[in-house]
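Visitor: With the input below, show me the fold.
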Amino acid sequence: MADALNFSITSTDFTEDYTPSENSRITTNFANLARGANRQENLRNALTMINRRFNSLAHWDNPDGERYALELEIVSANVHFDSAQGAQDFPLLEVLNTSILDRYTGARTHGVVGNNFSSYVRDYDFSVLLPATADASGKPVVPEDFGELHGRLFQHFLDSQAYRQRFEQLPVICISVSTSKTYRRTGNSHPVLGLEYQQDDYSLTDEYFAKMGLRVRYFMPAGSVAPLAFYFRGDLLNDYTNLQLASTIATMETFQKIYRPEIYNANSPAPAVYRPSLEVQDFSRTLVSYDREERTRLGASQGRYTEEHFITPNRALLEEWAAGYAVPAA
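Guide: A predicted model of the protein is given here:
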């Protein structure tokens, strides 16, 4: 039964001319920027921010701050399976892949795959399933098996032939810290990742990613104003080069400055004991336009789409597959 689900991978260059495909999850960071009258200006500004930030992090042997350019591609994974209705496929997830161009030498090196993470099934879990479990006070009661199907699908994808043929390294996903938790500086530091923080307790997102087989560490790079959450499988500090880690920081910190400027474009850096908040008004907005409320609405609609076209019609098959799937050892 483990081979009942298979995967295919396609990729699209993320440039200022990028246009989302019909199957692209439109709440994705990069897809959201590529909509509306200002789409090309949004994309151009975001890519400029990414390159400038990367060069500020990779400052050695880089006196003019223009040595490197990051090249990004959107990696889309579809899951394929046979159902009572015949052969089926569904757009499972999207991530970003970075490549590093050295303008001095002309060499290109692999960056990091992952970075951003978008998933239709996660939309279903958080926007459809979780709200339906609310108690009398309206507070969601997290089901014991919450995220298990999604976690198994993700780990099966990482171990699939499609992934292993395309990527030599495991992904690193980088997102915002949680506004419901407190983070404390540890005293540990890394030359690129920066100052390490630890949270007071795992968030629901941390637990969700744990079911995907990913651990989390929090770092605030030099020049940043808030820690980022890095999710990984393996050894974050030793499995990747400094340039690879810088590619993830530059890419995802840029998106966070656009989407959560209250935290990542704040006018003051995070203190040693830090509680992120979207209510703080002491921040600067970027030149990239973005509608956060629209993104929330679209997440709910995409969750319902997943329920209708993937979860409900294939529930028996998915439950049987998940029950027989052996989770890889940590």
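Visitor: use CA for all of it now, contacts and neighbours both
Guide: Fine.
Visitor: and F167, how many residues sit next to it?
Guide: Neighbours of F167 under the rule other C-alpha atoms under 10 Å: 14.
Visitor: ok, it - contacts?
Guide: With contacts defined as C-alpha atoms under 8 Å, 6 or more residues apart in numbering, F167 is in contact with V113.
Visitor: Could you check how far it is from G114?
Guide: Separation of F167 from G114 (C-alpha to C-alpha, to the nearest Å) stands at 11 Å.
Visitor: tell me which element E320 is part of?
Guide: In this assignment (DSSP states H and E), E320 forms part of helix 315-324.
Visitor: On the pLDDT front, check the nearest residue to D125 once chain neighbours are set aside for me.
Guide: Leaving aside its chain neighbours, D125 sits nearest to G147 (6.8 Å; criterion: C-alpha to C-alpha, 6 or more residues apart in numbering). For G147, the pLDDT comes out at 94.
Visitor: G147 against Y208, yeah?
Guide: Yes - judged on C-alpha atoms under 8 Å, G147 makes contact with Y208 at a distance of 5.8 Å.
Visitor: neighbour count winner among these two?
Guide: G147 (23 against 19).
Visitor: Three-state assignment for L149, please.
Guide: What DSSP: H, G, I helix; E, B strand; the rest coil gives for L149 is helix.
Visitor: Not counting sequence-adjacent ones, nearest residue to it?
Guide: Among residues not flanking L149 along the chain, A322 sits closest, at 6.2 Å (C-alpha to C-alpha, 6+ apart).
Visitor: The one you found is in contact with H150, isn't it?
Guide: No - if you go by C-alpha under 8 Å, A322 and H150 don't touch, sitting 9.4 Å apart.
Visitor: between the two, which one's more packed in?
Guide: In this view A322 and H150 are compared by other C-alpha under 10 Å, and H150 has more residues nearby, 22 against 19.
Visitor: measure stretch 152-166 end to end?
Guide: Start-to-end span of stretch 152-166 (C-alpha to C-alpha) is 20 Å.
Visitor: Now name the helix or strand holding Y231.
Guide: Assigned by DSSP H and E, Y231 belongs to strand 228-232.
Visitor: what's that strand in contact with?
Guide: Residues contacting strand 228-232 (C-alpha under 8 Å, 6+ apart): 170-177, 209, 214-220, 253.
Visitor: if you set the cut-off to 10 Å instead, what comes out?
Guide: Residues outside strand 228-232 that contact it (C-alpha atoms under 10 Å, 6 or more residues apart in numbering) are 114-115, 170-178, 193, 196-198, 206, 209-210, 212-221, 236, 248-249, 252-253, 256, 264.
Visitor: In strands only, show me these.
Guide: Secondary structure from DSSP state E places 114-115, 172-176, 196-198, 215-220 of these in strands.
Visitor: For the chain, just list every one of the strands.
Guide: 6-14, 68-83, 86-102, 108-119, 172-176, 183-190, 194-199, 215-220, 228-232, 273-274.
Visitor: Check which helices and strands the last one sits against.
Guide: Where contact means 3 or more C-alpha pairs under 10 Å, 6 or more residues apart in numbering; DSSP states H and E, strand 273-274 is packed against strand 183-190, strand 194-199.
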